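Colleague: no letters, just coordinates:
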């Protein structure tokens, strides 16, 4: 069948061990990203199957109207707001959901925390410019790591924090806070307490209608002048312009972000890139060799099952009459 894979930025999908699962199919891979619906419709015109790399391409009703040959979308990772599942159902396009793993995003989050606390990127840049010991960072030990969202990733961050001798303060749903207490951590008595008392705030929430812009500028302005906000989840969790505005006002003092409202970011003048107190990474949370093997093997197996008339992991089974 005709399979198209968009948005393979690093040209890595064909190099994966699991690619052999679909190597005998008619596969076209694009290494760039296009957002224009006309360009997408042209690229996907012959596609019977699309493999989506997480949320890089948006699947809308307007696009589906122009893809009459499309039968299946195989999603790497979980379905999110980038894909209109109801529209897929209306167009008789089955959607096979993938699998997720907290390991790579949790490790990246902790890497960003470490780099922000020790101010390593600034020290490295200075040394590359011929300068020696231009700044001074701090340690994790003794700090309070505020975790908003105590799911699989948040729980791993809590374990890392404890290993480094930090205190853990959790905010989120009642269930999250109760579980944090059971695990021996602290639960914030209120959102304001959480932001006022955390030395580092890291966000680990799913983006949906209830969490969209859930972090307000007023929340960030309650943080300490030397505190750090870390976001490896979704940019839209934070109120539009709130991060830049609060950083410019000095509360919090630093930020480390991996996610942006519109990706990819290729503008070297992007505002966050111009701020010396911000670390930016290009949405690397799940972009890691073992994660790619896991995500794509699952997606490829979903495709083979579909081709063999034995569909599995279909999120809209009504399309197939099951």
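Modeller: Yes, it's here. Model, not experiment: these values are computed from the prediction.

Colleague: from here on, contacts and neighbour counts on C-alpha atoms
Modeller: Will do.

Colleague: how about the nearest residue to the residue nearest the centre of the chain, chain neighbours excluded?
Modeller: Central residue of the chain (CA atoms, centre = their mean): residue 233, 4.6 Å from the mean position. Spatial nearest neighbour of residue 233, chain neighbours left out: residue 204 (5.6 Å); criterion: CA to CA, 6 or more residues apart in numbering.

Colleague: surely the one you found meets residue 155?
Modeller: No - using CA atoms under 8 Å, residue 204 is not in contact with residue 155, being 9.7 Å away.

Colleague: which one of these two is surrounded by more residues?
Modeller: Higher neighbour count among residue 204 and residue 155: residue 204, with 26 against 21, using other CA atoms under 10 Å.

Colleague: what sits against that one?
Modeller: Residue 204 makes contacts with 147-151, 153-154, 231-233, as judged by CA atoms under 8 Å, 6 or more residues apart in numbering.

Colleague: what are the bridge partners for residue 147, then?
Modeller: Beta-bridge partners of residue 147, counted by DSSP bridges, are residue 170, residue 202.

Colleague: do you know how far it is from residue 48?
Modeller: Going from residue 147 to residue 48 by CA to CA, to the nearest Å gives 42 Å.

Colleague: then residue 28?
Modeller: Using CA to CA, we find residue 28 at a distance of 11 Å from residue 48.

Colleague: for the nearest residue to residue 25 once chain neighbours are set aside, grab the count of nearby residues.
Modeller: Among residues not flanking residue 25 along the chain, residue 1 sits closest, at 5.9 Å (CA to CA, 6+ apart). Residues lying near residue 1 (other CA under 10 Å) number 14.

Colleague: residue 1 contacts residue 49, doesn't it?
Modeller: Yes - with contact defined as CA under 8 Å, residue 1 reaches residue 49; the gap is 7.4 Å.

Colleague: how about residue 28, phi and psi?
Modeller: Dihedral angles of residue 28 (phi, psi; degrees, to the nearest 10) stand at phi -120, psi 130.

Colleague: neighbours of it, how many?
Modeller: A count of nearby residues for residue 28, using other CA under 10 Å, gives 14.

Colleague: same question for residue 217.
Modeller: 20.

Colleague: can you list contacts of stretch 180-190?
Modeller: Stretch 180-190 is contacted by residues 150, 167-171, 177-178, 194 when judged by CA under 8 Å, 6+ apart.

Colleague: how about the strands in the chain?
Modeller: 2-5, 26-29, 49-53, 72-76, 94-96, 144-148, 167-171, 186-187, 200-203, 228-231, 254-257, 278-280 (DSSP state E).

Colleague: just to revisit the earlier point, next, format the contacts of stretch 180-190 as TSV and append pLDDT, distance to residue 119 and neighbour count.
Modeller: Output for the contacts of stretch 180-190, formatted as TSV (pLDDT from 0 to 100; distance: CA to CA, whole Å; neighbours: other CA atoms under 10 Å):
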residue	pLDDT	distance to residue 119	neighbour count
150	98	26	24
167	98	20	20
168	98	21	24
169	98	23	26
170	98	25	30
171	98	26	24
177	97	31	22
178	97	34	16
194	98	24	25
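
Colleague: farthest pair in these?
Modeller: Largest separation among the contacts of stretch 180-190 by CA to CA: 167 and 178, giving 16.5 Å.

Colleague: point out where the stretch 51-200 of the chain drops to low pLDDT.
Modeller: Of all residues in the stretch 51-200 of the chain, none has pLDDT under 70.

Colleague: what ranges does it have for its helices?
Modeller: Counting by DSSP state H, counting those that start in this stretch, the stretch 51-200 of the chain has these helices, from start to end: 61-64, 85-90, 103-118, 120-128, 152-163, 174-182, 191-197.

Colleague: domains of this structure?
Modeller: The chain breaks down into these domains under automatic domain parsing: 2-101+289-320, 103-280.

Colleague: residue 317 touches residue 96, doesn't it?
Modeller: No - between residue 317 and residue 96 there is no contact under CA under 8 Å: 9.3 Å.

Colleague: looking at the two, which one has more neighbours?
Modeller: More crowded of residue 317 and residue 96, by other CA under 10 Å: residue 96, with 25 against 17.

Colleague: need the contact list for the nearest residue to the more buried one once chain neighbours are set aside.
Modeller: Sequence neighbours aside, residue 314 is the residue nearest to residue 96 in space, at 4.3 Å (criterion: CA to CA, 6+ apart). Neighbour list for residue 314: 94-97 [criterion: CA under 8 Å, 6+ apart].

Colleague: now residue 47
Modeller: Applying CA under 8 Å, 6+ apart, the residues near residue 47 are 2-4, 67, 69-70.

Colleague: 6 Å instead?
Modeller: 2-4, 70 (CA atoms under 6 Å, 6 or more residues apart in numbering).

Colleague: gap between it and residue 26?
Modeller: Residue 47 sits 10 Å away from residue 26, taking CA to CA as the criterion.

Colleague: what does residue 182 give?
Modeller: 51 Å.

Colleague: neighbours of residue 127, how many?
Modeller: Neighbour count for residue 127, taken as other CA under 10 Å: 13.
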